[in-house]
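In: just coords:
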């Protein structure tokens, strides 16, 4: 099942709705109040009553989650990306946060702040938690996964790498494009063996597989739940493979007008255009 958040283009109030994508061309609304996080909390999304249907071209897709309690990102989690970053392989997961201000959806513009000169892309497999998880075992960790989506961990390298902590360079408004939908866990047989890639203006920049993850999905869920309670709708973004702009020679930075397409096998392609911050 592919689940979306959307509003009708003809709806002047832009009322948020939750729906199911069918045949990649039709959105069927779910008769449920609230956001995707509320739907996930309901525990049995398959039992929700279906409502009106809309053509995909008649709706605006939003980030499939707009109000998670937590967005936990994992840094340096592909061996080759560690090498291109000139860093050591971590012994435990490297963590940093993003926040709801970072979330944008399919075809949304990402604004590059005026002070940022080194804006970078990072395609990632993102895990959506389905039920409260506290001190879960490695063996049971996958029972707490609701589904998966694509997240582009956009980064301002000139801020990130010149300050003691990464947060300010990572948690910029719009710097976590997410979507285009959530694919429920029952449709992904093995999150540890998915093709993952990113194209910049049609040219492939990143191309790998999640089997190259240093810390896999079950480990991350179990590890994080040991010290923080994971809640339904929380996002764990699992890290990016090699090929980021920072690691290229010469280095390559995103500029206004660039179109980035981030793809994870079995989920889909998240597309965003980057624009300059308006000067007042």
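Out: Now that the structure is in, tell me what you want to look at. Just so you know, these numbers come straight off a predicted model, no measurement behind them.
In: surely residue 65 is in contact with residue 36?
Out: Yes. Judged on CB atoms under 8 Å, residue 65 makes contact with residue 36 at a distance of 5.3 Å. Backbone N, C-alpha and C define where each C-beta goes, glycine included.
In: next, count neighbours for residue 258.
Out: 18 (other CB atoms under 10 Å).
In: mind listing what it touches?
Out: 200-201, 273-274 (CB atoms under 8 Å, 6 or more residues apart in numbering).
In: and residue 185, what are its phi and psi?
Out: Backbone torsions for residue 185, taken as degrees, to the nearest 10, come to phi -60, psi -30.
In: cool, and residue 276?
Out: phi -80, psi 150.
In: quick one, which of residue 65 and residue 36 is more surrounded?
Out: residue 36 (29 against 26).
In: quick one: what helix or strand has residue 227 in it?
Out: Counting by DSSP states H and E, no helix or strand carries residue 227.
In: that one: how many residues sit nearby?
Out: For residue 227, using other CB under 10 Å, the count is 8.
In: again with the one 5 residues further on
Out: For residue 232, the neighbour count with other CB under 10 Å is 22.
In: give me the below-cutoff pLDDT ranges for the protein.
Out: Nowhere does the chain drop to pLDDT under 70.
In: can you name every helix or strand that the biggest helix by length in it contacts?
Out: Scanning the chain for the longest helix, with DSSP state H as the assignment, gives helix 217-225. Taking 3 or more CB pairs under 8 Å, 6 or more residues apart in numbering; DSSP states H and E as contact, the helices and strands that helix 217-225 lies on are strand 123-129, strand 235-237.
In: switch those strands over to a markdown table; also include distance to residue 88 and mean neighbour count.
Out: Shown next, in a markdown table, are the helices and strands packed on helix 217-225 (distance: least, CB to CB, whole Å; neighbours: other CB atoms under 10 Å):
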| stretch | distance to residue 88 | mean neighbour count |
| --- | --- | --- |
| strand 123-129 | 21 | 27 |
| strand 235-237 | 21 | 26 |
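In: so which of these gets nearest residue 94?
Out: Of all these, the one in closest proximity to residue 94, counting by CB to CB, is strand 235-237 (12.0 Å).
In: what sits up against the next helix or strand after that closest one?
Out: Sequence order places strand 259-264 as the next helix or strand after strand 235-237, per DSSP H and E. Strand 259-264 has contacts (CB under 8 Å, 6+ apart) with 121, 123-125, 148, 150-152, 177, 194-202, 210, 254, 269-274.
In: go on, stretch 105-117?
Out: The contact list for stretch 105-117 (CB under 8 Å, 6+ apart) reads 5, 60-64, 104, 119, 154, 156, 158-159, 172-175, 177-180, 253-256, 270-277, 279.
In: out of the residues you listed, list just those in strands.
Out: 5, 60-61, 104, 119, 156, 177-180, 270-276 (DSSP state E).
In: buried ones among the residues you listed?
Out: 5, 61, 104, 119, 156, 177-180, 270-272, 274 (16 or more other CB atoms under 10 Å).
In: what are the buried residues along stretch 248-260?
Out: 252-254, 258, 260.
In: start to end distance for it?
Out: 17 Å (CA to CA, to the nearest Å).
In: can we start the residue count at 60 from this point?
Out: Sounds good: first residue 60 from here, last item stretch 307-319.
In: now do that stretch: distance to the chain's middle.
Out: 20 Å (CA atoms, centre = their mean, to the nearest Å).
In: same question for stretch 210-219.
Out: 13 Å.
In: okay, now the domains of the protein?
Out: What the record gives for the chain is the domain set 61-120, 130-335, from automatic domain parsing.
In: deepest of these, which one?
Out: Burial of these is given as mean neighbour count (mean count of other CB atoms under 10 Å); domain 130-335 ranks first at a mean of 19.
In: run through the residues that contact the closest residue to residue 110 other than its chain neighbours.
Out: The shortest distance from residue 110 to any non-neighbouring residue, by CB to CB, 6 or more residues apart in numbering, is to residue 88 (4.2 Å). Neighbouring residues of residue 88 by CB under 8 Å, 6+ apart: 76-78, 109-113.
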